[in-house]
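Engineer: Sequence below, structure please.
(chains A, B and C)
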Amino acid sequence: MLIGEIFELMQFIFVVAFTTFLISCVDYDILFANKAVNHSQHPSEPIKVTLPDAFLPPNVCSARIQANSFLICILVIAGVFWIHRLVKFIYNICCYWEIHSFYINALRIPMSNLPYYTWQEVQARIVQIQKEHQICIHKKELTELDIYHRILRFKNYMVAMVNKSLLPIRFRLPLLGDTVFYTRGLKYNFELIFFWGPGSLFENEWSLKAEYKRAGNRLELAEKLSTRILWIGIANFLLCPLILIWQILYAFFSYTEILKREPGSLGARCWSLYGRCYLRHFNELDHELQSRLSKGYKPASKYMNCFISPLLTIVAKNVAFFAGSILAVLIALTIYDEDVLAVEHVLTTVTLLGVGITVCRSFIPDQHLVFCPEQLLRVILAHIHYMPDHWQGNAHRYETRDEFAQLFQYKAVFILEELLSPIITPLILIICLRPKSLDIVDFFRNFTVAVGGGGDTCSFAQMDVRQHGHPA
Amino acid sequence: MLIGEIFELMQFIFVVAFTTFLISCVDYDILFANKAVNHSQHPSEPIKVTLPDAFLPPNVCSARIQANSFLICILVIAGVFWIHRLVKFIYNICCYWEIHSFYINALRIPMSNLPYYTWQEVQARIVQIQKEHQICIHKKELTELDIYHRILRFKNYMVAMVNKSLLPIRFRLPLLGDTVFYTRGLKYNFELIFFWGPGSLFENEWSLKAEYKRAGNRLELAEKLSTRILWIGIANFLLCPLILIWQILYAFFSYTEILKREPGSLGARCWSLYGRCYLRHFNELDHELQSRLSKGYKPASKYMNCFISPLLTIVAKNVAFFAGSILAVLIALTIYDEDVLAVEHVLTTVTLLGVGITVCRSFIPDQHLVFCPEQLLRVILAHIHYMPDHWQGNAHRYETRDEFAQLFQYKAVFILEELLSPIITPLILIICLRPKSLDIVDFFRNFTVAVGGGGDTCSFAQMDVRQHGHPA
Amino acid sequence: MLIGEIFELMQFIFVVAFTTFLISCVDYDILFANKAVNHSQHPSEPIKVTLPDAFLPPNVCSARIQANSFLICILVIAGVFWIHRLVKFIYNICCYWEIHSFYINALRIPMSNLPYYTWQEVQARIVQIQKEHQICIHKKELTELDIYHRILRFKNYMVAMVNKSLLPIRFRLPLLGDTVFYTRGLKYNFELIFFWGPGSLFENEWSLKAEYKRAGNRLELAEKLSTRILWIGIANFLLCPLILIWQILYAFFSYTEILKREPGSLGARCWSLYGRCYLRHFNELDHELQSRLSKGYKPASKYMNCFISPLLTIVAKNVAFFAGSILAVLIALTIYDEDVLAVEHVLTTVTLLGVGITVCRSFIPDQHLVFCPEQLLRVILAHIHYMPDHWQGNAHRYETRDEFAQLFQYKAVFILEELLSPIITPLILIICLRPKSLDIVDFFRNFTVAVGGGGDTCSFAQMDVRQHGHPA
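Structural biologist: Numbers count the residues shown, from 1 in each chain, chains lettered A, B, ... in the order given. Model prediction:
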């Protein structure tokens, strides 16, 4: 964990520094052979251009950076952000140290043995310790549910809000129809507004502010929340260009290489962030959810693959044929005499055609695919545990497929959504979330239960079948 | 479907035009850097050859085409053929339109819902409609069998003829032993002769000519059929060079790129055209057969993989070692200094060695393969439903494997057979099919049943267990 | 088999000749374009360097070889070794011929039918033949056990010695902890010392020397064995550089190409030589063991994949990110203008970064992996049949994983161990094996049983449950 955060800090510096370097310190004319390099060697010798030749000397380089005031401005902002991350990192170290001490001193689990403990064992030990030392002073005995409530307090609220369709992440768009938009940026903003930002609904990590528990001034509170959402939306809007640049740079650095090496991997699917929220049980820890979804991954992939549109397949096959023909000729010429590759843009053409063909192929279903959506959907259900009633018996329909695709999206779509997130997030916050302020205030008042020794928790997470009915 | 045909028409134009362009309009000397390009730039600048430099100007190009009378001749024939295809395409549009109208007006299935109907539902609706409106006037009620008979009339005949070994597609060749030769070209010719060509055995799409139903003049009819086969064989022979050029071009454009990218895929297997005929049930629709064979694909592949000859494996391993050694040195040199790649033919060598090694590797069985042919063959049987008796208990024998290989051939063999087809087809027609004319005439007379309202159908397809015995 | 040996002889010549050629007959300055080639063409024409230009003329080449006395020395040794191999090969041909005759004359199995016989059938026939002709004169009837004893005499001893931890192949090293070192070179030496080298414990192929069967002079015999081990160790030490060069060359030629094409394959696992010995049943033939281990391969791989260390994963992810960023920029530049590739070392960088990223990725577990070590270990047990008691219920512990990793090692580790083998083998023999001489002498005396008509066999292999207890 700690090392992961250190690496994240390093990645940030690397991305900023590398981009600055690429912008200011490289002489592209030399790289692209538009300009000859003057080595002081005698001319008869063959000229070899090396990479360092293309780099500008440090003094030229720093002069160019200083001349570019826009770049300096961004560098300063990046520096501020990085220091903020550093502070947070140091704070996290302290937290980890406390957890470390708790495990060693209270639970008496030495660090070296920790990897062998399952979560159930750790939990049992906490319950045991409470009986002996009463680490939680409000209650005599801690149950497993209490522990889960504490860890998953905010996540339970989020799950409940998604299930109640309170969060505006489903839209009916003119062309795309029923869509879901839920990115990491949006999630971060929701959490900021509800749980831990300044002026949020929660007083501290465990209790809702007193005024939100009373029914009296709900209109006034909704008004206050609405203003708050507006300000956060505006802040998002102002930071949008910076976040966008960062997202694009990061995505470029992360995915270009994969796109080159195995373009098909972007045609793979993954559980969407929305799916992860929608399919999560109350009081389900991250690793339990992950394990459940992992088990469902394979049948879900197969299920989605059953539905490749025949129209798309024909188009893909033909595009692949045309591209393949040109590539075939180029390959044949290259094998005959590889000087062909020295001709400008031939190599680029070969690379791009290759990528294009691979992308096309990912839309052509395997010839020996067996079509049995009904069975596959039943296997998926066994792992994801929840499914709308109207899917039953309609597994072969496109509506079912489209709804399932909201939970289980293309990786390419996931990346695209993350890239668009900085632009769309402020819009969603300001336009869609604000009118729902009253509903949100009501939701928190109605569905919050104060559990002795456990703080305020979402009442759905009480596992109280009498109150909320059985989910099945 | 429609779009597929449009693309086919476009592919034809593309292949012809692109080949013409490659033959007449490219200056290969420039591409292969045998001739320097004279740009009017001042000489000190590095010269960059671009692709357009290698193309001849349009007027030179068209002059070269006009000078090449052989090429023009082929282009004219291709043009005539393309127009023929275009006419057929327009006719097909009309057919599709009728089907479209039938679905909408008679079956009352709106187009937008069609993808959600299974074939069973459509069929049930036809039976229902018949009861109400009597769309077929000869009969009161249509059964599912009637519908199948109409759709699969000719396919049932073909299946019956293959099962009765009437069609000469099995040969005993001097070196290769018992072989099967059945390509798309051959199938097309068979259908032309029997079903829909001018002078075929069938009067129209649903009834056999009256004279073939009578036993009287069978010798005379056989004589007539024999002459007809001769003429079609001669026509095939005359068209052979053209078809051959087309097949070679098309295969080159289709498979070169795959050969480069994943040479192993040609070592994959597929159900042969013969296998598809041999394993087809009577009255089985295309998609039902396809689904059955797809299910059997995986165990069939595994079964065939059990039989990689140890001798071949050793040879392949050693060839791969020798090629790999040379490649290893070239790679090491390239990593040390990539100027090595600029040396003539090094890149070609690397590419060809790489392809060679991959091909070799496809003959080396996975080290962790488990050998259990008997079980695999039983799994295959569960899907393909038919198996000669002498395979039982002999799954590990090479004879069984060879016979199964006739049904489940290498993709490379499939491509090769298609390439050879234009040459071999006329030989088969003239030498092998003609002597069987009498048998064929007898077959159609003996095994044709006129079903009221369904036209003439193959009697095997009647599913009449009393007459033909149980297949099992 | 025969062909495999012919190829081995050819490989040896090839490796020696090709290396000599690379050392003496290539002008690397031309290859690396440090020196221009002087073709007698007129200068305006573009210069194309071809591969033969880089080869020195034969007379220069042979002069260089003759000048290099170290090389000549090695070539002579290699020649002697090759002739030794050739003699052995000719001897093997005679053996194969005898086996061939035995099958045809005694067992009456014609060669053409041999592939269809299972081992059980051949065995049954031998038992049958013995009853008729008494091919073994000491006994009336041969049982299957007798046949197995004869074939597997030495292997049974080795299995017993490994199971009794008599052979020093487990060490406790300062940094690495409990390690196992058992390579093909070591195995060869063990067999040399015990079974068939001059002065070994066995008189001939079937009986232990008489003095080792008597308890009397065990100290003296241990002394003698110890001296013998010393000498063999010294011989190993002297030959070490030669074997090392051979191993490195062979590994380079064999694995470079794989490393380039699919670097992930070195991250695959295989059953270690120790594992093959440890998991082998007494009286188990090679193909039976292989089949058992092959069946266990897939679950074993999955089991080991469950344990990728999270720390390693994070490091690998980040290294892949940094490498991927640089690669992304290079790819983008290349697509924009491929002249970038002409810059010195860019192509090398791209290649190496690509390999590095692939290696990193092999340490990143699949995101959708399901963690269930306990179940997997149970599946493995069903195939490998043996498992220490303390693994039961501890499948998720790292100790269990580490112990299992000794049986099921990385392929990369396997290759590394084979490379290190020439250096470590003499050390093990001299330092670790010599002190165990007495134990070894005792082992052979105590656990050898003379079976009438079967020679001396290891008593564990008698399958005598009363004497040695039940293994389960």
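Engineer: mind listing the helices in the stretch 101-250 of chain A by residue range?
Structural biologist: A:119-133, A:144-151, A:153-163, A:184-191, A:210-213, A:218-261 (DSSP state H, counting those that start in this stretch).
Engineer: hmm, who's touching the first one?
Structural biologist: Spelled out, it's helix A:119-133. Contacting residues not belonging to helix A:119-133 are listed as A:106-109, A:135-136, A:139, A:141-144, A:147, A:285, A:287 [C-beta atoms under 8 Å, 6 or more residues apart in numbering or on different chains]. Every residue, glycine included, has its C-beta placed from N, CA and C.
Engineer: Flag the helix or strand of chain A with the lowest per-element mean pLDDT.
Structural biologist: helix A:465-468 (a mean of 57; mean pLDDT, DSSP states H and E).
Engineer: of all the helices of the stretch 101-250 of chain A, which lies closest to residue C:270?
Structural biologist: Nearest to residue C:270, of all the helices of the stretch 101-250 of chain A, is helix A:218-261, at 25.6 Å by C-beta to C-beta.
Engineer: The closest one vs helix A:184-191, what angle?
Structural biologist: If you take axes from the mean of the first three to the mean of the last three C-alpha atoms, to 10 degrees, helix A:218-261 sits at 160 degrees to helix A:184-191.
Engineer: can helix A:218-261 be found next to chain B?
Structural biologist: No - judged by C-beta under 8 Å from any C-beta of the partner chain, helix A:218-261 stays clear of chain B, getting no closer than 12.6 Å.
Engineer: Wondering if that helix reaches chain C at all.
Structural biologist: Yes - Helix A:218-261 reaches chain C (C-beta under 8 Å from any C-beta) through A:252-258, A:260-261.
Engineer: Equivalent analysis for stretch A:299-306, please.
Structural biologist: No - Stretch A:299-306 does not reach chain C (C-beta under 8 Å from any C-beta); its nearest approach is 8.9 Å.
Engineer: how far does that stretch sit from the chain's center?
Structural biologist: 22 Å (C-alpha atoms, centre = their mean, to the nearest Å).
Engineer: Can I get it in PDB? Just the C-alpha atoms.
Structural biologist: Output of stretch A:299-306 as PDB, limited to C-alpha atoms (Å, rounded to 0.1, in the frame of the first residue of the first chain):
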ATOM      1  CA  PRO A 299     -19.500 -16.400 -18.200                       C
ATOM      2  CA  ALA A 300     -20.300 -12.600 -18.500                       C
ATOM      3  CA  SER A 301     -17.700 -12.200 -21.200                       C
ATOM      4  CA  LYS A 302     -19.000 -15.200 -23.100                       C
ATOM      5  CA  TYR A 303     -22.500 -13.900 -22.700                       C
ATOM      6  CA  MET A 304     -21.700 -10.600 -24.200                       C
ATOM      7  CA  ASN A 305     -19.700 -12.200 -27.000                       C
ATOM      8  CA  CYS A 306     -22.900 -14.100 -28.100                       C
END
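Engineer: ok, back up a step: dump the residues of helix A:218-261 next to chain C into a markdown table; add pLDDT and neighbour count as well.
Structural biologist: Converted to a markdown table, those look like this (pLDDT from 0 to 100; neighbours: other C-beta atoms under 10 Å in any protein chain shown):
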| residue | pLDDT | neighbour count |
| --- | --- | --- |
| A:252 | 90 | 17 |
| A:253 | 89 | 22 |
| A:254 | 87 | 17 |
| A:255 | 87 | 17 |
| A:256 | 85 | 19 |
| A:257 | 83 | 23 |
| A:258 | 83 | 18 |
| A:260 | 79 | 20 |
| A:261 | 78 | 17 |
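Engineer: which residues touch residue A:366?
Structural biologist: residue A:305.
Engineer: To which secondary structure element type does it belong?
Structural biologist: coil (DSSP: H, G, I helix; E, B strand; the rest coil).
Engineer: Give me the pLDDT value at it.
Structural biologist: If you check residue A:366, the pLDDT there is 77.
Engineer: Distance of it relative to residue B:251?
Structural biologist: 22 Å (C-beta to C-beta, to the nearest Å).
Engineer: Residue A:28 now?
Structural biologist: For residue A:28 relative to residue B:251 (C-beta to C-beta), the value is 43 Å.
Engineer: Ok, residue A:280 next?
Structural biologist: Using C-beta to C-beta, we find residue A:280 at a distance of 52 Å from residue B:251.
Engineer: Equivalent analysis for residue A:425, please.
Structural biologist: For residue A:425, the distance to residue B:251 - C-beta to C-beta - is 52 Å.
Engineer: Between those two, point out the one with more neighbours.
Structural biologist: Legend: neighbour count by other C-beta atoms under 10 Å in any protein chain shown for residue A:425 and residue B:251, higher for residue A:425 (26 against 15).
Engineer: burial of residue A:311, as a residue count?
Structural biologist: 11.
Engineer: Any part of whichever strand or helix holds it near chain B?
Structural biologist: According to DSSP states H and E, residue A:311 maps onto helix A:310-336. Yes - applying C-beta under 8 Å from any C-beta, one finds helix A:310-336 in contact with chain B at A:311, A:314-315, A:317-318, A:321-322, A:324-329, A:331-336.
Engineer: I'd like to know which residues of the stretch 351-472 of chain A are adjacent to chain B.
Structural biologist: So the stretch 351-472 of chain A meets chain B at A:354, A:357-358, A:367-371, A:396-398 (C-beta under 8 Å from any C-beta).
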